[in-house]
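K.L.:
Quick one: sequence and predicted model below, then my questions.
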Amino acid sequence: MDSLSQLFETALDVFGRLDHYLNLWAAGMGPWFYVLLFAIVFCETGLVVTPFLPGDSLLFLVGAMAGTKDSTVSLPLAAVLLSLAAVLGDAANYSIGLRLGPRVFTRENSWLLNKKHLLRTQAFYEKHGGKTIVIARFVPIIRTFAPFVAGIGKMRYTRFAAYNVGGGIAWVVSFLILGYAFGNWPVVKRNFQLVIVGIIVVSCIPIAVEFLRARRAAGSVSGSGAGSAAESASDSDRERGGA
């Protein structure tokens, strides 16, 4: 129990002072530093059990490190390797969901593992899946589960792959460039944690907008459906009265 609590405290310390640890690892690991970055991005996007790993903050910091004088971090190399890690991670997550879904979602009367959930998921991703995959890339935690659910819903892989590649590259490159351009500003370095929180809040805006738009559309459909039903009932009453 003590070892678990110590491990948890160490993890919190690493995440809280990620900039400090990344500089230490970059100085001491040499080329293996890129392997570590690749592994973190791959696991955060490719394993459902590791959504807590730093994604946005890691990319932002790597970009900032590449923008310092006498930096040992190559921005082009980091962009290529981490884009590959993001794309392969989502592909692996999709495959896990694809293989796990048919085995788990088999019971008709289960409230959680019901086959109806699988059919609804499949229909949702067939209609909105591509846009969801791209938007989810920029939202922590959600980006870890989106490809998994796409696999469970059996979204067409060719469609998934196109948005996976485009979204993965856009996510990695945009945060690297943000870090490269702004990460070394004194005000950003002094308030790094607040900057990351701000990035997360801004990242959640597209999901919130889509959610509100979907609810408004659903309300309009239900309202028009109720209106049509009322009109039909009124017409029926008039026909009976006329008869």
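P.N.:
Received, thanks.
K.L.:
what about Ala146, distance to Tyr157?
P.N.:
Note on Ala146: its distance to Tyr157, by CB to CB, to the nearest Å, is 15 Å. All C-beta atoms are positioned from the backbone trio N, CA, C, and that covers glycine.
K.L.:
burial of Gln193, as a residue count?
P.N.:
By the criterion of other CB atoms under 10 Å, Gln193 has 13 neighbours.
K.L.:
That one and Arg137, how far apart?
P.N.:
22 Å.
K.L.:
next one: Ile96
P.N.:
With distances taken as CB to CB, Ile96 is found 18 Å from Arg137.
K.L.:
These two: which has the busier surroundings?
P.N.:
Under the neighbour definition other CB under 10 Å, Ile96 and Arg137 were set side by side, and Arg137 has more, 27 against 17.
K.L.:
Hmm, Arg143 and the more buried one touching each other?
P.N.:
Yes - the pair Arg137 / Arg143 is scored as a contact, 5.2 Å apart, by CB atoms under 8 Å.
K.L.:
Identify the contacts common to those two.
P.N.:
Taking CB atoms under 8 Å, 6 or more residues apart in numbering as the criterion, Arg137 and Arg143 both touch Trp171.
K.L.:
you'd agree Tyr157 is up against Ser95?
P.N.:
No - contact criterion CB under 8 Å: Tyr157 and Ser95 do not qualify, at 9.1 Å.
K.L.:
Where does the prediction get shaky in this structure?
P.N.:
Flagging of the chain using pLDDT under 70 yields the residue ranges 1-17, 19, 101-129, 203, 206-207, 210-211, 214, 221-243.
K.L.:
Would you state the strands of the chain in chain order?
P.N.:
In the chain, no segments count as strands under DSSP state E.
K.L.:
Now do the helices in it.
P.N.:
Assigned by DSSP state H, the chain shows helices spanning 2-16, 18-29, 32-46, 56-66, 75-104, 115-136, 142-152, 157-182, 186-190, 192-242.
K.L.:
The fourth one versus helix 18-29: what angle between them?
P.N.:
With axes from the mean of the first three to the mean of the last three CA atoms, to 10 degrees defining the directions, helix 56-66 sits at 60 degrees from helix 18-29.
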